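Asker: For reference, the sequence and a predicted model appear below.
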Amino acid sequence: VLVSSVEKHSGGSATNAGAALKKLGVKTRILTKMGEDHDAEFINKELQKYSLQNICLHNSKRNTDTAVIISSTKERDRGIYVHKGASEDLTIYDFVKKQLKARWIYMGSLMETSLKTGKKLVKYAHGKKTKILFSHIHGWKYSSSSNPLKIKSYWDPSLNLGVCADWFIGPRLEAGWMSA
């Protein structure tokens, strides 16, 4: 398959949430383990653009996580395959607990050793009265609903809570923007 152009962007729970919070003016640091490879160099340059500090002390011997968009058709917007590598290796020895001083900690999808480390981090955070927001979701898997809700978003005034996502409208990438 020939393509007309290729773009490379960093992403993932830590970098996406960190960049968004920095843009909102929130003091933010991230904790993510990367390999010693070109992808890690690229991500670190992207983090510098947002003045985001990664507080992880060590690199993994495994490659940095990567994702590749495999397909895009009229019927189904995308197929994304993710390679999990270095991010699975996070241990309690990869960070200094003092650097976790925060009112909130956002935790994205964790697997393998990193999930065990995340559970220990949650116990530590609870002892410090730090609030945890944990998102163990692989949203792309569920965004292509065969029965979209046909509404742009949902607002619950009693909870003062709103939800928007591409699965409200349909399985196309632009549906996420339309929902927001």
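Answerer: Yes, it's here. The structure presented is a predicted model; accordingly, all values stated were derived computationally and were not measured.
Asker: CA only for contacts and neighbour counts going forward, please
Answerer: Will do.
Asker: Contact partners for the nearest residue to Ile55 once chain neighbours are set aside?
Answerer: Among residues not flanking Ile55 along the chain, Leu31 sits closest, at 5.3 Å (Cα to Cα, 6 or more residues apart in numbering). By Cα atoms under 8 Å, 6 or more residues apart in numbering, the residues touching Leu31 are Ala14, Asn54, Ile55, Cys56, Phe95.
Asker: Contact partners for the last one?
Answerer: Phe95 is in contact with Leu31, Ile55, Cys56, Leu57, counting by Cα under 8 Å, 6+ apart.
Asker: and what of the second one?
Answerer: Listed by Cα under 8 Å, 6+ apart, the contact set of Asn54 reads Arg29, Ile30, Leu31, Thr32.
Asker: buried sites along the helix or strand hosting Leu121?
Answerer: Assigned by DSSP states H and E, Leu121 belongs to helix 112-127. Of all the residues in helix 112-127, those buried under the rule 16 or more other Cα atoms under 10 Å are Ser114, Leu115, Lys116, Thr117, Gly118, Leu121, Val122, Ala125.
Asker: If we only consider those, which is nearest to Leu100?
Answerer: Ala125 (8.1 Å; Cα to Cα).
Asker: that older thread, could you export the contacts of Asn54 as TSV, including secondary structure?
Answerer: What follows is the contacts of Asn54, written out as TSV (DSSP: H, G, I helix; E, B strand; the rest coil):
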residue	secondary structure
Arg29	strand
Ile30	strand
Leu31	coil
Thr32	coil
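Asker: okay, and the helix or strand of this structure with the least pLDDT?
Answerer: When the helices and strands of the chain are compared on mean pLDDT, DSSP states H and E, helix 139-142 comes out lowest with a mean of 48.
Asker: Would you give the sheet partners of the helix or strand just after it, along with the direction of each?
Answerer: Sequence order places strand 154-156 as the next helix or strand after helix 139-142, per DSSP H and E. Paired strands of strand 154-156, with direction, are strand 161-163 (antiparallel) (DSSP bridges).
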